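Undergrad: Could you work out the structure for the sequence below:
(one chain, ligands or ions: 1)
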Amino acid sequence: MRFTIAIDGPAAAGKGTISKAVAQHFGFAHLDTGLLYRAVGAQMLAGVAPIEAAQTLQADALDPAKLRTADVAQAASKVAAIPEVRAALVDFQRAFASRAGGAVLDGRDIGTVICPEAEAKLFVTATPEVRATRRHLELVAGGSSTDYATVLADVKERDARDMNRADAPLRPASDAHILDTSQLSIAQAIAQAIAAITSKQKG
Ligand code: CDP
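TA: The predicted structure is shown next:
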């Protein structure tokens, strides 16, 4: 059985949490495609040319613990604007999406570019302030001493770069279900995501 769920949206909208819960609910494999761009961004910060880093990326470079920092997030959105970097990561993502047993991919361009034929598409969003509050809590819990205003500025800068790039800009697919999580608890957001996907499965 092949069934692809594409989950896109801006920084810290809740894609990761929702994607993991959705994958668990349906028994599908999950790929956080942001980690691919974060790994390339981290290598750029370490002095490797981004295109070369993308073309030689290895699975052991995808360690979330090392990649979930504010500096790596900014570097990720810079390398993500380079068409050759994106091109180098397409095959891996499409192969993952078409695996037997079902797949959930979350990112920015899954429903628009990587898997335009995905059976279910969600676009998860929330206001910049809500997203910055969530990301700030997450970073502080991880030991960072960054302040809210810096995180909000980072989120807005990254959104602008992701939405305005020429290649695979962040935008909802025309057939995506829009899920605004600004006023939702995690449990409510997960329940609404599962309901939207289940209706696609039945339809
Ligand atoms: O977790 P968060 O939403 O903050 O970011 P992420 O999903 O880990 O993605 C980090 C950066 O990678 C984004 O700001 C995008 O620039 C880029 N990205 C992308 O261009 N395309 C994807 N499919 C996934 C991430």
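
Undergrad: Return the alpha-carbon coordinates of the helix or strand of the chain with the lowest mean pLDDT using CSV.
TA: Within the chain, judged by mean pLDDT, DSSP states H and E, the helix or strand with the poorest mean is helix 64-67; its value is a mean of 91. What follows is helix 64-67, C-alpha atoms only, in CSV (Å, rounded to 0.1, in the frame of the first residue of the first chain):
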residue,chain,number,x,y,z
PRO,A,64,18.2,16.2,15.4
ALA,A,65,20.0,17.0,18.7
LYS,A,66,22.9,18.7,16.9
LEU,A,67,20.7,20.4,14.3
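
Undergrad: Tell me which other helices or strands the helix or strand following it touches.
TA: The helix or strand immediately downstream of helix 64-67 is helix 70-79, counting by DSSP states H and E. When contacts are defined as 3 or more C-beta pairs under 8 Å, 6 or more residues apart in numbering; DSSP states H and E, helix 70-79 packs onto helix 34-45, helix 50-55, helix 148-164. No exception for glycine: its C-beta is placed from N, CA and C like everyone else's.

Undergrad: near the ligand at all, helix 70-79?
TA: Yes: judged by C-beta under 6 Å from any ligand atom, helix 70-79 comes into contact with the ligand through 73, 76-77.
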